[in-house]
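Asker: Predicted model and sequence below, questions to follow.
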Number of protein chains: 2
Amino acid sequence: MKLSALFLACGMAASGLAQAFDEPTRTTAAELRDQALRGSGAYDTIASLTTEVGPRLAGSEGDKKAVAWAVKMLKAKGFDRVWTEPVRFPAWTRSQESAEILAPFPQKLAITALGHSEGTPAGGIAAEVVRYESLEALQADTSGRAKGKIVFIDRRMERARDGGGYGPVVAARTKGVNAAADKGALALVIRSVGTDSDRFPHTGVSHYDEKQTTRIPAAALSNPDADLLARVLGYGKPTRLKLKLDVANGPEVETANVIAEIRGREKPEEVVLLGAHLDSWDLGTGALDDGAGVAIVSQAGALIGALPQAPKRTIRVVLFANEETGLVGAKAYNSLHKDELKHHIIGAESDFGAGPIYRLSSTVPDALLPALDGIVKELAPLGISRGDNTSSGGPDMRPMQGDGMPVAELAQDGTDYFDFHHTANDTLDKVNPKHLDQNVAAYVVFAYLMAQH
Amino acid sequence: MKLSALFLACGMAASGLAQAFDEPTRTTAAELRDQALRGSGAYDTIASLTTEVGPRLAGSEGDKKAVAWAVKMLKAKGFDRVWTEPVRFPAWTRSQESAEILAPFPQKLAITALGHSEGTPAGGIAAEVVRYESLEALQADTSGRAKGKIVFIDRRMERARDGGGYGPVVAARTKGVNAAADKGALALVIRSVGTDSDRFPHTGVSHYDEKQTTRIPAAALSNPDADLLARVLGYGKPTRLKLKLDVANGPEVETANVIAEIRGREKPEEVVLLGAHLDSWDLGTGALDDGAGVAIVSQAGALIGALPQAPKRTIRVVLFANEETGLVGAKAYNSLHKDELKHHIIGAESDFGAGPIYRLSSTVPDALLPALDGIVKELAPLGISRGDNTSSGGPDMRPMQGDGMPVAELAQDGTDYFDFHHTANDTLDKVNPKHLDQNVAAYVVFAYLMAQH
């Protein structure tokens, strides 16, 4: 009898795994998946955003247009309810920027200011350059050689499917400005955090420490220009650089998170949260970052909304404001929805371009694991396998994840994502429509089954 | 006896083919080839030019520096004689350029003026855009719809190993300005003549007809920006563009062809001419166009110069001035050396980047064919086969070829050449050192054997 009880338990466990979802639910999920694969329409959404709005730096005119565009787009896709929630922050603006080697070999360089950078004086800053191999090398330098100079951090990012090369290098961009200021430097110039070898500098946010009283300008050189500067320095002659950045940390502005829902029919207060961010950097048209995410989660929600019967739980799509300069929209959402957060059963953000999804990872309580395993079964035809249970849900999920919301990561192939990330070259032609449809297929299965389980 | 005479003739013909060059000559050629393959040093020459000089638009300060650099470089490589010959022309200069869609969807565009373009008024030109699929479509249009508008020629270049996609499209760049002016347009904008999908506009020369009294400004959009403009036009709403080009056709300037020789030991007056051009466009550093050619022919000559014994004939390396805006240096050379031209036994220019050579073509009299066949035998280990006898010798060979000089074409794989051609992205990192060495190996064999035959 003990043995038969064990068999029974095993059988139940196995059956639990095999049948996390009932047959009609699985059939509907498979139909949604195949419908997306046949042509999700998401590409047209990115085309519309990048053509009609284009660059949409948080707080800019383009950002305002993007909010209006998103409201209209989500309504047109048939969501039950579409609304905005205000987000406020001090704007940052870019007007002009240039750099040139003055000596020993005068040449113009392709450069871009980092977000939040202070501007240079109108006449620019001209000074000798000192090179460091990494942020850590700069931080460790006690020689005083950076004093009165322009610091050049020359660390190259490595290419990887999961974007794993980003983390070790991006600290030079986010924190380098403090380290350089601490050493008495006049300005910071970094090698772009990017895997391409094109003359596009990669912008991205930098953060002055609150205790940082000396706020020096900071900018990134394209990889070929960083190569050139390194070669020039290799001649061993004093190398002078001139840097002109007409940028400013401006006044407080208001923009908005744009939110849309497919209301659940049984537990409408319980929410499956799909996120992407509506803002982009100003250099490109933000097709990959994050037009793709906007299109993927909006279209996934719309496909569920078009079903004859809504799922049990609510699907909520949030197009976050101002991800790029500090997750400002995500923090605002987290703050405003604090009381509902316990009903956010899971959240996932699409913010890594338009490469195909290959893995579903998560950070969820054990009770949700069978549902995720069941979802992975329906995702298998898309080439998606199960990852571990220690993942991030994407940048804009971090505030909610930090407050206990379970998250999933539908990990995309990011092999070439950092070729275009934060550059002028992030444009519609970089989006592969077939890969995009695969993303919608994965998100629609994930969202529908999470709302049904 | 008739039969034996036939056998004898056949035998002689076969032997003639098999032994266009004697054994020591072939051994030396093979040694030169293998020496180049082991590491020709040509990459360092391009690195030096692109680092120490950089952009060198004909007539600019960079061009002056390039001439001084080339004289020094060729002397350092051990040529017997290095000299310059003056070349004069009206300079063309670029200061600022920008474009933006004003309506219906305001966006900035990546644009660059075409060489010889007139500037716009300081406030720019703002007008409605009319699109044509090709130069031919514009020329054929008798509707009057281009009058008072900005003409947009939107023809895409096809990728091909031999660059064959260039010819059909480049006419829009060189001649479009006349066709647009003839139709009463205010300005011409073309889709870049390039195979990439990056936000680098491709510059290049345009030619006003002499009879053209209305000289309108002309510029090229990057391919993604041309895509965008075409998409915006696809909405069917009046589309207004603003174009600001601060460029000018300036005063007469003087620069120089830079020439170096390895004097022949038996027939020094007979010349094997190796060409490349020293000038570049101003946007990039001209690593591929034509730093590669400069390095390849200079290094090929230098390897021959380092032999214990000079070849029978003279090897002359000419680094031509101002190829880009109209073969000005080549015409000057042709004019100055008219009387010697009959002793130029062959000429070949390297001006197609740094891709590997795959074919030797020619336009030579029959008497030279056996020598070329013999050369191809020595080139076979490099993966080079024999092409036909109707080829060009490269742009700067055209004036001399037109006056009867035999020419050869060491055809390079140009599959990706037009991804970078005439853009800011033509930089050192695009050069593959191994491919470059293969080029030097081919040129040194070709030049040595032509000088020995």
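Answerer: The structure has been received and is ready for your questions.
Asker: Correct me if wrong, but residue A:87 is in a helix.
Answerer: No: read with DSSP: H, G, I helix; E, B strand; the rest coil, residue A:87 is strand and lies in no helix.
Asker: ok, now which ones touch it?
Answerer: For residue A:87, the contacting residues are A:254, A:255, A:256, A:257, A:321, A:322, A:328, A:329, A:332, by C-beta atoms under 8 Å, 6 or more residues apart in numbering or on different chains. Bear in mind the C-beta positions are built from the backbone N, C-alpha and C, glycine included.
Asker: Can you tell me which of those residues has the most neighbours?
Answerer: Ranked by neighbour count under the definition other C-beta atoms under 10 Å in any protein chain shown, these are headed by residue A:321 with 33 neighbours.
Asker: Against chain B, how distant is the closest residue to it other than its chain neighbours?
Answerer: Excluding the flanking residues, the one nearest residue A:321 by C-beta to C-beta, 6 or more residues apart in numbering or on different chains is residue A:329, at 3.4 Å. According to C-beta to the nearest C-beta, to the nearest Å, residue A:329 stands 23 Å off from chain B.
Asker: check contacts around residue A:329.
Answerer: Residue A:329 neighbours (C-beta under 8 Å, 6+ apart): A:87, A:255, A:257, A:277, A:278, A:279, A:320, A:321, A:322, A:323, A:396.
Asker: Now the closest residue in space to the fifth one that isn't next to it in sequence: which helix or strand?
Answerer: To tie it back to what came earlier, the one meant is residue A:278. Leaving aside its chain neighbours, residue A:278 sits nearest to residue A:319 (4.2 Å; criterion: C-beta to C-beta, 6+ apart). Using DSSP states H and E, residue A:319 sits in strand A:313-320.
Asker: what element comes up after that strand heading to the C-terminus?
Answerer: helix A:328-336.
Asker: Need the contact partners of the next helix or strand along the chain from that next one.
Answerer: Remark: after helix A:328-336, the chain's next helix or strand is strand A:344-349, criterion DSSP H and E. Strand A:344-349 has contacts (C-beta under 8 Å, 6+ apart) with A:270-277, A:293, A:297, A:313, A:337, A:362, A:364, A:368, A:393-397, A:400-401, A:405-410, A:443, A:446, A:450.
Asker: got the angle between strand A:344-349 and strand A:313-320?
Answerer: Calculated by axes from the mean of the first three to the mean of the last three C-alpha atoms, to 10 degrees, strand A:344-349 forms an angle of 40 degrees with strand A:313-320.
Asker: Number of residues surrounding residue A:159?
Answerer: 16.
Asker: got the residues of chain A near chain B?
Answerer: Counting by C-beta under 8 Å from any C-beta of the partner chain, chain A comes close to chain B at A:47, A:50-55, A:105-108, A:110, A:197-200, A:223-224, A:227-228, A:231-232, A:284-285, A:424-425, A:427-430.
Asker: Separate out the buried members of these.
Answerer: A:47, A:50-55, A:105, A:107-108, A:110, A:197-200, A:223-224, A:227-228, A:231-232, A:284-285, A:424-425, A:427-430 (16 or more other C-beta atoms under 10 Å in any protein chain shown).
Asker: Of these, which belong to strands?
Answerer: In this view, these that belong to strands under DSSP state E are A:107, A:108.
Asker: Among the contacts of residue A:329, which pair sits farthest apart?
Answerer: Within the contacts of residue A:329, A:255 and A:396 form the most distant pair, 14.3 Å apart (C-beta to C-beta).
Asker: Just the residues contacting stretch A:445-453, thanks.
Answerer: Identification of contacts with stretch A:445-453 by C-beta under 8 Å, 6+ apart yields A:20-21, A:25, A:28-30, A:32-33, A:264, A:272, A:274, A:300-301, A:304, A:311-315, A:345-346, A:348, A:360, A:371, A:374-375, A:378-379, A:382, A:408, A:410.
Asker: mind checking which helix or strand residue A:92 is in?
Answerer: Judged by DSSP H and E, residue A:92 forms part of strand A:81-103.
Asker: what angle sits between that strand and strand A:313-320?
Answerer: Using the same axes, to 10 degrees: strand A:81-103 against strand A:313-320 is 30 degrees.
Asker: hey, which helix is longest across chain A?
Answerer: helix A:433-452 (DSSP state H).
Asker: That one - what's its average pLDDT?
Answerer: For helix A:433-452, mean pLDDT rounds to 98.
Asker: In it, which residues are buried?
Answerer: So for helix A:433-452, counting by 16+ other C-beta under 10 Å, buried means A:433, A:435-452.
Asker: can you check stretch A:393-403 too?
Answerer: Buried, per 16+ other C-beta under 10 Å, within stretch A:393-403: A:393, A:394, A:395, A:396, A:397, A:398, A:399, A:400, A:401.
Asker: what are the phi and psi values for the third one?
Answerer: Yep, that's residue A:395 we're talking about. The phi/psi pair for residue A:395 (degrees, to the nearest 10) reads phi -50, psi -50.
Asker: With the fifth one instead?
Answerer: Main-chain torsions, residue A:397, degrees, to the nearest 10: phi -90, psi -10.
Asker: Model confidence for it, exactly?
Answerer: 98.
Asker: Was I right to think it contacts residue A:277?
Answerer: No: the criterion here is C-beta atoms under 8 Å, and residue A:397 misses it with residue A:277 at 11.0 Å.
Asker: So chain A: which segments form each domain?
Answerer: Using automatic domain parsing, the domain ranges for chain A come out as A:21-80+A:263-452, A:92-250.
Asker: quick one, which of the ones you listed is packed in tightest?
Answerer: Most buried of the domains of chain A by mean neighbour count (mean count of other C-beta atoms under 10 Å in any protein chain shown) is domain A:21-80+A:263-452; its value is a mean of 22.
Asker: circling back: of the buried ones among the residues of chain A next to chain B, which belong to helices?
Answerer: A:47, A:50, A:51, A:52, A:223, A:224, A:227, A:228, A:231, A:232.
Asker: Output those residues in a markdown table, with pLDDT and distance to residue A:59 appended to each entry.
Answerer: Shown next, in a markdown table, are those (pLDDT from 0 to 100; distance: C-beta to C-beta, whole Å):
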| residue | pLDDT | distance to residue A:59 |
| --- | --- | --- |
| A:47 | 98 | 25 |
| A:50 | 98 | 19 |
| A:51 | 98 | 22 |
| A:52 | 98 | 19 |
| A:223 | 98 | 29 |
| A:224 | 98 | 31 |
| A:227 | 98 | 34 |
| A:228 | 98 | 34 |
| A:231 | 98 | 38 |
| A:232 | 98 | 37 |
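Asker: Mind exporting the C-alpha coordinates of the strand holding residue A:319 to CSV?
Answerer: Only the C-alpha atoms of strand A:313-320 are listed here, as CSV (Å, rounded to 0.1, in the frame of the first residue of the first chain):
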residue,chain,number,x,y,z
ARG,A,313,-6.8,36.8,-15.8
THR,A,314,-6.0,40.3,-17.1
ILE,A,315,-3.3,40.9,-19.6
ARG,A,316,-1.8,44.3,-19.0
VAL,A,317,0.6,45.8,-21.5
VAL,A,318,2.7,48.7,-20.1
LEU,A,319,4.8,50.8,-22.5
PHE,A,320,7.1,52.4,-20.0
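Asker: Quickly run through the sheet partners of it, with directions.
Answerer: According to DSSP bridges, strand A:313-320 forms sheet pairs with strand A:240-262 (antiparallel), strand A:267-277 (parallel).
Asker: Reformat the ones you listed as a markdown table; add mean pLDDT.
Answerer: Listed next are those as a markdown table, based on pLDDT from 0 to 100:
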| stretch | mean pLDDT |
| --- | --- |
| strand A:240-262 | 97 |
| strand A:267-277 | 98 |
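Asker: Could you list the low-pLDDT ranges of chain A?
Answerer: A:1-18 (pLDDT under 70).
Asker: how close does residue A:258 get to residue B:264?
Answerer: Per C-beta to C-beta, to the nearest Å, residue A:258 is found 77 Å from residue B:264.
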